[in-house]
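*Asks:* dropping the sequence and predicted coords here.
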Amino acid sequence: MDQTQLEQLMQKYAAEVAEARRWLHRHPELSWKEQETQKFILEKLRAHGIECEADPESTAVLGTIRGALPGKTVALRADIDALPVCEQSSSPYPSENPGVMHACGHDMHTAGLLGAAFLLQELRGSLHGCVRLIFQPAEEAGATRSGAQVLTARGVLEQLQVDAIFGLHVWPNVPLGQVGLCDRAMMAGVDIFKLHIHGTGGHLSTPHKTRSALYPAVAFMNEIAVLRTQAVDPFETAIIDTGYFHCGTAENIIPAEAEIIGNVRAFNDDLRAEIKRRMEGIVRGLELAYEVKCDYEHRFGYDTLINDPAMAALYRRAAAEVVGAGNVLTPQPAMGSEDFAFYLKKTPGAFLWLGTGDGAGGSGVPHSSSYFPAEAALSIGARVLANTAVTYLNG
């Protein structure tokens, strides 16, 4: 579409979008508790005459912008929840909710989608089709009950008759003024494993009367290190590692219990299933070799985020019209995960990283207490989302 017109419309709403971001940053709410955020989004959309409703079963907000002409339906999604982090950022408008912070930039996503909605509402007279707005809760809730997982399981995309979906995430590794997206795999699938070993403790002077939990725990750590070389094709990528290991209470007590918790991350869902099978086999072997009992849980988490190639090409073209073709990057995929992957399992779409790097008023990295994405990226994100919706609908 005419980018001059889009820029002029953005200038009209830039101050309101920035103020929305500041309000959201000051009032963060945890997953599934985003009641005030939901009210704020509804008020903003209704003030612009945008059809919207609170999801009856969650804190989501669903909005609709109906074009004047018939056509397809495209969805734009933003996540709205915050993290249990005490803010220590450079923000001039820090969190007013102690212990809760928008430490992953979801305030930017929400405000950016509001901005895109304002633009598209102005442009609805020329739209061929319908734009669905999905303000999604609980992206940070984890794979057992993330917002995208719950909404897609309920059939929200089918109810909204969505033909394609697009989303984005602020990204400090991409410079401000640029965007990044991959043609296929973009972010890894992630799984959680938990191993609890039950042995028989005792005094260090009589080790023969015990079954130490320490040795099978160490053996497990060694085996999963070897597994990375034996189960993973050299041309594939996978992470199998632990973030928590606890065993023992004193220097002269043989430990009866050990607990290990970690992640598997990969871009190949079949590989994730194979790693799970192999790790369960390792655990069975520990029980036999060390005469201990093992409680093992291996839970599949967020799916691999895989862009539809055709939708990625469209997203790339639409973004290039906003930031210039030279500012649309093809970065390496990230081993982090995103529940937007659940939408892409249901319908064609693509995900994009919105650059916030190289200073410009921002600081820190996602999930840290110092994270504060540059506000200057807001108008870029809003225009990219709006232009992508127009490009998809009007072809």
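*Replies:* Okay, I see it.
*Asks:* mind listing the strands for the stretch 51-200 of the chain?
*Replies:* Taking DSSP state E, counting those that start in this stretch, the strands of the stretch 51-200 of the chain run over residues 51-54, 61-66, 69-79, 128-136, 164-175, 179-180, 185-187, 189-198.
*Asks:* what's the burial count for residue 97?
*Replies:* Residue 97 has 16 neighbours, counted by other C-beta atoms under 10 Å. For every residue, glycine as well, the C-beta is placed using N, CA and C.
*Asks:* nope, residue 282 is what I was after
*Replies:* 19.
*Asks:* now tell me what touches stretch 195-203 from outside.
*Replies:* Contact with stretch 195-203 is made by 209-213, 216-217, 220, 252-261, 283, 286, 290, 292-296, as judged by C-beta atoms under 8 Å, 6 or more residues apart in numbering.
*Asks:* list the buried ones in it?
*Replies:* 195-197, 199, 201-202 (16 or more other C-beta atoms under 10 Å).
*Asks:* distance to residue 374 and mean pLDDT added to the strands of the stretch 51-200 of the chain, as JSON lines?
*Replies:* As requested, those are exported to JSON lines (distance: least, C-beta to C-beta, whole Å; pLDDT from 0 to 100):
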{"stretch": "strand 51-54", "distance to residue 374": "28", "mean pLDDT": "98"}
{"stretch": "strand 61-66", "distance to residue 374": "25", "mean pLDDT": "98"}
{"stretch": "strand 69-79", "distance to residue 374": "18", "mean pLDDT": "98"}
{"stretch": "strand 128-136", "distance to residue 374": "22", "mean pLDDT": "98"}
{"stretch": "strand 164-175", "distance to residue 374": "9", "mean pLDDT": "96"}
{"stretch": "strand 179-180", "distance to residue 374": "14", "mean pLDDT": "98"}
{"stretch": "strand 185-187", "distance to residue 374": "22", "mean pLDDT": "97"}
{"stretch": "strand 189-198", "distance to residue 374": "27", "mean pLDDT": "97"}
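*Asks:* of these, which is nearest residue 31?
*Replies:* The minimum distance between residue 31 and the strands of the stretch 51-200 of the chain falls on strand 69-79, with 9.5 Å, by C-beta to C-beta.
*Asks:* just the buried residues of that closest one, please?
*Replies:* Using 16+ other C-beta under 10 Å as the test for burial, strand 69-79 gives 71, 73-79.
*Asks:* the inter-axis angle of that strand versus strand 128-136?
*Replies:* If you take axes from the mean of the first three to the mean of the last three C-alpha atoms, to 10 degrees, strand 69-79 sits at 10 degrees to strand 128-136.
*Asks:* for strand 69-79, name the packing helices and strands.
*Replies:* Applying 3 or more C-beta pairs under 8 Å, 6 or more residues apart in numbering; DSSP states H and E, one finds that strand 69-79 contacts helix 106-123, strand 128-136, strand 164-175, helix 377-394.
*Asks:* residue 217: which element?
*Replies:* Residue 217 is part of helix 214-230 when elements are defined by DSSP states H and E.
*Asks:* hmm, who's touching that helix?
*Replies:* Here helix 214-230 has contacts from 195, 197, 199, 238, 240-242, 245, 247-248, 254-255, 258, 260, 262, 275, 278-279, 282-283, 286, 289-290, 292, 294, using C-beta under 8 Å, 6+ apart.
*Asks:* partner strands of whichever helix or strand comes after that helix and their direction?
*Replies:* Downstream of helix 214-230, the next assigned helix or strand under DSSP H and E is strand 238-247. If you go by DSSP bridges, strand 238-247 pairs up with strand 257-266 (antiparallel).
*Asks:* list the buried ones in the partner strand?
*Replies:* Those buried within strand 257-266 under the rule 16+ other C-beta under 10 Å are 257-258, 260, 262-266.
*Asks:* what pLDDT, on average, does that strand get?
*Replies:* When pLDDT is averaged along strand 257-266, the result is 97.
*Asks:* same deal with stretch 281-296?
*Replies:* The pLDDT scores in stretch 281-296 average 98.
*Asks:* how about that stretch as PDB, C-alpha atoms only?
*Replies:* Extracted C-alpha coordinates of stretch 281-296, given in PDB (Å, rounded to 0.1, in the frame of the first residue of the first chain):
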ATOM      1  CA  GLY A 281      15.700 -45.800  28.400                       C
ATOM      2  CA  ILE A 282      18.600 -44.300  30.300                       C
ATOM      3  CA  VAL A 283      16.400 -43.900  33.400                       C
ATOM      4  CA  ARG A 284      15.300 -47.500  33.200                       C
ATOM      5  CA  GLY A 285      19.000 -48.500  33.000                       C
ATOM      6  CA  LEU A 286      19.800 -46.500  36.100                       C
ATOM      7  CA  GLU A 287      17.200 -48.300  38.100                       C
ATOM      8  CA  LEU A 288      18.800 -51.700  37.200                       C
ATOM      9  CA  ALA A 289      22.400 -50.700  37.500                       C
ATOM     10  CA  TYR A 290      22.200 -48.800  40.800                       C
ATOM     11  CA  GLU A 291      19.200 -50.500  42.500                       C
ATOM     12  CA  VAL A 292      17.300 -47.200  43.000                       C
ATOM     13  CA  LYS A 293      13.800 -46.100  42.100                       C
ATOM     14  CA  CYS A 294      13.400 -43.300  39.500                       C
ATOM     15  CA  ASP A 295      10.400 -41.000  39.000                       C
ATOM     16  CA  TYR A 296      10.900 -39.600  35.500                       C
END
